[in-house]
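Undergrad: mind folding the following:
(2 chains)
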Amino acid sequence: MKKAKHILLHSGEEGHLSDLRRGQKCIVLDFHNDNAALRRRLLDMGITKGVIIEIKKIAPLGDPIDIRLRGYELCIRKADMEGIDIRVL
Amino acid sequence: MKLALFGNQNSGKTSLFNALTGSNQKVGNWPGVTIDRVEGYIKKNNSTIVDLPGVYSLSPYTSEEEISRRFVLDEKIDLIINIVDATQLERSLYLTTQLLELDVDVVIALNMYDLLQHKGIKINVKKLEDELGVTIIPISAKTGAGINRLKETIFKRRYKRNKHKPIYPDDVEEFIQRVAKEFKYVRPTKNGKPHKRFGAVKILEEDRDYRILMDEKLKAAHLALEQSYGMDGEQLVASLRYDYIVRIRRKCVHYQKRKETRTDKVDRIFLNKFLAIPIFILIMAIVYFVSISLVGGLTASLIDAAFNGTEHLTIYIGTHPIVFDQGAIGLGPLLANWLGGLGASSWAIGLLTDGVIAGTGAVISFVPQLIMLFICLSVLETTGYMSRIAFFLDRVFHKIGLSGKSLIPFIVGAGCSVPGVMSTRIIEDENEKKATLALVPFIPCSAKLPIISLVCATFFPAWGFALALVFYLMAIVIIFVLALIIKKFTKKKEHSTFISELPSYKIPSLKYVGRDVGDKTWSFVKRAGTVVVFFSVIVCVLASFTWNFQYVDGTRINIDESMLAGIGNGFAWFFYPMLGCQWNWAASVSAIQGLIAKEQVVSSIRVIEAAGGLGLFDSFTPLTAFAYAAFNLFSIPCIATISTMRAELKSVRKVILIMLMELLVAWLIASLIGVWGVLL
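TA: Sure, this is the predicted structure:
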C-alpha cells in the first residue's frame, strides 16, 4: 500500500470512498472492481449507486473503517473501498 | 411441516430457533455464530425447523450463502420464516426480496421489536404487511414476546400465500416474466419446484450458475436493459431491490431525529485511538485475574483439601496468603481409613483413593475458576465487544496474514479449542482462515488452565496470576511469529477482504449466559467423571503393578519398577532437556496423556504422587515446572481438537503438518528454558 493517500476532499469534490475523513458524508457515483465476490458482497450490503454513506468510526490503527449506510453500520478495509467512486456531500 | 429459518447474520435467528424448539443452541453478539445448519424438532406440531447460517443474500460466493442457497433450492420446505431485524429494516428486507422470488411461502418474524422505541423508530406493521404482501409478526426472540403468536400463525396456516408481487420497473419485470414463462431457460431444481422467478432474476443478474442458460435472443434483450439503466445486470438488480425497499420504508417507517446512541457513546471510549488497546489488555487481564487469582486462589486448595486432605489449609485472597493451623481430613483418607477398618486390601484402597479420588479431585478443584472464566467469555461474546476487537485489530492481524476476525476464534479458543477451531469459518479469506485454524490451539484453553494453576499454586503461590499472564503473553508471541512464517510459505493472493457488521452493544441476557456457562461447566465435569476417572484408574493400576503383576508396596518393590514407569522411561529421553536434564518417567508419562485431554496431565501427576511416586516438589524446580507447563500448553492439542481440525481442513496431511509444527515449537521453547536453567 502506498503512503501518499492523504488527499483531503471537500464538499462537492469527487474521489474514492477510502479518501474520506471521519464524519464526512458522500454519495456513491460508481463502482468498479475486478473481484467478483467482493463486488457482489458490497452490492448485497447496500453499497449501490446513489446511496449515501457516512464515515462513522475509524479503527484506532487507521484501518478498517466503520461506515453508516441504510440505517446500519458496516466495517470495511480501506483497500476494499478503493473501487468505489463518490462525491462528498 | 418443514420450516426453514432465514435471516441476516446477528439478526437473532438462533435465539428464535431456541425459543421455538426449546433447545439450547449457542447465541452470541457477533456475526456468524451459526456456522452450519442445525435441525430442531417441535413435537407438539410434528414439525422440523432448520436453522441456517446467517446470510445477506442468496449469491453463491461465500460458503454460508452456498449452503443456504442449495438448501432452499434442493429441499422440500413448506415455509420460510424470515427473521428481520426491525432496527435495521432496510438492509434486512434485501434478503426478503430474494426469498419472495422462490416458490415458497414466507412469514416475517420482525425481531427486536422491543428495541424500536428506544431507538426512536416507528414501524407501521399493517402497512408494511400490505406493501410486501407478506404476513409479519413482531417478536422479541430475547424476551419471548410474540413467539406464541408466531407459532399460531405458522401452525394454523394463517399466513398469506406468496403471490410473487412485482417489485421492479415495468421493462425489467417484462424481461423477468418473459424468461420465467419460457421454461427452457430455467433449470429445474431437485425438489420439484421450478422457482421460475428466482431463476429468471438470476439470469438477469448473470449469476455464475445461471448465465450459461442465456441464448442469443435473451442476450440482446439483456444488453438493452443494461444500456438503458447504465449498469450491468448484477448492479441493476441490487439497485432496484434497494430502490423498492426505500420506497416501502418511506411509507411505513418513521424515524425520530437520531440522537447519539448508547453504542456510539461507549464506542467513543472503547474505540478511542489511544485507549482501545490498553482497554482491551486491561479487560483480558481482569478476566484472568478474577478467574485464576481471585476465584482460584479462594477455592482450589479448599476443594483439593476436601478430596485429599491437608495438614495446613492455605487460601489466597488476591496475592495475600492466609494459612490456617487447622487441616482437613479429606474424602480420600477418610475412605481409606474406613475401608482399611473393613479389611479391604491395600491395592483396592489405593485404586480408589490414589486413582479415582486423587485423579478427579485434581481436576474438579479447578471448576470454580473455570466457571468464572466461562462467565467472562460468555459476557464478552454477548455484549458485542468481540466485533469491536476484530474491528480494531484487523490492521495488525492483516499485516501478519490473519484477519481481524481471527481474534474471535482465539478468544473462543480460550474456553475450548474445538469451538474455537470451528468458528474460524467466519473468516472470508481461505489463507487467513487456515492460518488462524492452525494457530488457535496455541491459546491456552480452559482444560490447560489446571496445568497453569498447578504450577502457579505450587511454586509461585502469591503471584500465580502474573505467571498465567506470562503464559498468555508467550502464546501471543508464538502466534505472531508463526503467523508470519505461515504467511511466508503460503501463496500470496492479491486481495483479502474484511467486511463485517458492527452490532450495537447489548446487555447480556442472564438466561443465555447462565445456559452457556452451565453447558460448558457440565461438559468439563462430565469429562472429569468419565474420561479422567477412567484414565486415572488405568494410570493407578499401571503404577501399582510391575510387569510381572507384583504389587508395588513402596517398601519391597518400588514404584520405579512399575509398568507405568516402564512406559514413561520409553519417552523420558524426549523430556530430558526441558526437565533440566533430568530423567523423569512420571512427568513424561503424564505429558503424553495430554493427548487424551489436557486436564489429564494434572490428574496423572497427582495420581502418581499419591501412589508413592515423585511429588511435584521433588521432580520439578520452579524453572523446570515452568518449562514443563509451557510444553503442555503449546504442544499437540487434545484428540477432540485434532479431529475437529481434520474435519475443517479436510486434509490429513495438513493436520499432521500442524501437529509437527506444534510439537517442534513446544519442544524447542520448553527445552531452551529447561537447559538454560541448568546452565545458570
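Undergrad: for the rest of this, base every contact and every neighbour count on C-alpha atoms.
TA: Noted.
Undergrad: so which elements touch the helix or strand hosting B:Ile137?
TA: Counting by DSSP states H and E, the element that carries B:Ile137 is strand B:135-138. Other elements packing on strand B:135-138 under the criterion 3 or more CA pairs under 8 Å, 6 or more residues apart in numbering or on different chains; DSSP states H and E are strand B:105-111, helix B:125-132.
Undergrad: can we see that at 7 Å?
TA: In this structure, strand B:135-138 makes packing contacts with strand B:105-111, judged by 3 or more CA pairs under 7 Å, 6 or more residues apart in numbering or on different chains; DSSP states H and E.
Undergrad: any residue of the next helix-or-strand element following the strand it packs on up close to chain A?
TA: Proceeding C-terminally, strand B:105-111 gives way to helix B:116-119 as the next helix or strand, assigned by DSSP H and E. No. Taking CA under 7 Å from any CA of the partner chain as the criterion, helix B:116-119 and chain A are apart, separated by no less than 11.2 Å.
Undergrad: in its sheet, which strands sit next to the next helix or strand after helix B:116-119, and in what direction?
TA: Past helix B:116-119, further along toward the C-terminus, the next helix or strand under DSSP H and E is strand B:121-123. Strand B:121-123 has its sheet partners listed here by DSSP bridges as strand B:253-255 (antiparallel).
Undergrad: enumerate the residues of the stretch 301-450 of chain B near chain A.
TA: If contacts are counted using CA under 7 Å from any CA, the residues of the stretch 301-450 of chain B sitting beside chain A are B:391-392, B:394-395.
Undergrad: could you redo the last one with a cut-off of 8 Å?
TA: Listed as neighbours of chain A in the stretch 301-450 of chain B under the rule CA under 8 Å from any CA of the partner chain: B:391-395.
Undergrad: on that earlier part again, which residues does the strand holding B:Ile137 contact?
TA: With contact meaning CA atoms under 8 Å, 6 or more residues apart in numbering or on different chains, strand B:135-138 is reached by B:106-111, B:113, B:125, B:129, B:146, B:149-150, B:159-160.
Undergrad: ditto for stretch B:54-62
TA: Here stretch B:54-62 makes contact (CA under 8 Å, 6+ apart) with A:37, A:40, A:44-45, B:6-11, B:13, B:31-32, B:34, B:64-66, B:68-69, B:92, B:94-95, B:98, B:207-208, B:428.
Undergrad: what is the mean pLDDT for it?
TA: Throughout stretch B:54-62, pLDDT has a mean value of 85.
Undergrad: where does that stretch sit relative to the chain's centre, distance-wise?
TA: Using CA atoms, centre = their mean, to the nearest Å, the mean C-alpha position of stretch B:54-62 is found 21 Å from that of the whole chain.
Undergrad: got the end-to-end distance for it?
TA: Using CA to CA, to the nearest Å, the end-to-end distance of stretch B:54-62 comes out at 11 Å.
Undergrad: tabulate the residues of the stretch 301-450 of chain B next to chain A in CSV, adding columns for secondary structure.
TA: CSV is the format used below for these (DSSP: H, G, I helix; E, B strand; the rest coil):
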residue, secondary structure
B:Phe391, helix
B:Phe392, helix
B:Leu393, helix
B:Asp394, helix
B:Arg395, helix
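Undergrad: out of the residues you listed, which end up buried?
TA: In terms of neighbour count (16 or more other CA atoms under 10 Å in any protein chain shown), the buried residues within those are B:391-395.
Undergrad: from those, pick the one nearest chain A.
TA: Proximity of those to chain A was ranked by CA to the nearest CA; the top entry is B:Phe392 with 4.9 Å.
Undergrad: for the worst-scoring helix or strand of chain B on mean pLDDT, which outside residues touch it?
TA: Lowest mean confidence among the helices and strands of chain B (mean pLDDT, DSSP states H and E): helix B:616-619, at a mean of 72. Under the criterion CA under 8 Å, 6+ apart, residues B:458, B:584, B:587, B:605, B:609 lie in contact with helix B:616-619.
Undergrad: for PyMOL, write a command that selects the buried ones of the residues you listed.
TA: Selecting in PyMOL just the buried members of the contacts of helix B:616-619, where the criterion is 16+ other CA under 10 Å, is done with this command:
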select buried, chain B and resi 584+587+605+609
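Undergrad: any chance of the contacts of helix B:616-619 in TSV, with secondary structure too?
TA: Listed next are the contacts of helix B:616-619 as TSV, based on three-state DSSP:
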residue	secondary structure
B:Thr458	helix
B:Asn584	coil
B:Ala587	helix
B:Ile605	helix
B:Glu609	helix
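Undergrad: quick check: the farthest pair among the contacts of helix B:616-619?
TA: Based on CA to CA, the longest span within the contacts of helix B:616-619 runs between B:Thr458 and B:Asn584 and measures 18.3 Å.
Undergrad: partners of the strand holding B:Ile137 in the sheet?
TA: For strand B:135-138, the pairing partners within the sheet under DSSP bridges are strand B:105-111 (parallel).
Undergrad: what number of residues lie near B:Ile567?
TA: For B:Ile567, the neighbour count with other CA atoms under 10 Å in any protein chain shown is 15.
Undergrad: just confirm it is within a helix.
TA: Yes. Secondary structure of B:Ile567, determined by three-state DSSP: located in a helix.
Undergrad: quick one, grab the pLDDT at it.
TA: Per-residue confidence (pLDDT) for B:Ile567: 91.
Undergrad: doesn't B:Ser590 make contact with it?
TA: No. The pair B:Ile567 / B:Ser590 is not scored as a contact, 10.5 Å apart, by CA atoms under 8 Å.
Undergrad: what distance do you get for A:Leu42 to B:Leu52?
TA: When distance is defined by CA to CA, A:Leu42 is 22 Å away from B:Leu52.
Undergrad: which one of those two has more residues nearby?
TA: When neighbours are counted by other CA under 10 Å, A:Leu42 and B:Leu52 differ, and B:Leu52 comes out ahead with 23 against 18.
Undergrad: flag the shaky bits of chain A, pLDDT-wise.
TA: A:1-7 (pLDDT under 70).
Undergrad: at 50 instead, please
TA: Applying pLDDT under 50 to chain A flags residues A:1-4.
Undergrad: related to what we said a few turns ago, just put the contacts of helix B:616-619 in TSV and tack on distance to chain A.
TA: Supplementary listing: the contacts of helix B:616-619 in TSV, determined by distance: CA to the nearest CA, whole Å:
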residue	distance to chain A
B:Thr458	41
B:Asn584	48
B:Ala587	45
B:Ile605	46
B:Glu609	51
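Undergrad: and the most centrally placed residue in chain A, what does it touch?
TA: When chain A is reduced to its mean C-alpha position, the closest residue under CA atoms, centre = their mean turns out to be A:Leu17, at 3.1 Å. A:Leu17 is in contact with A:26, A:81-86, counting by CA under 8 Å, 6+ apart.
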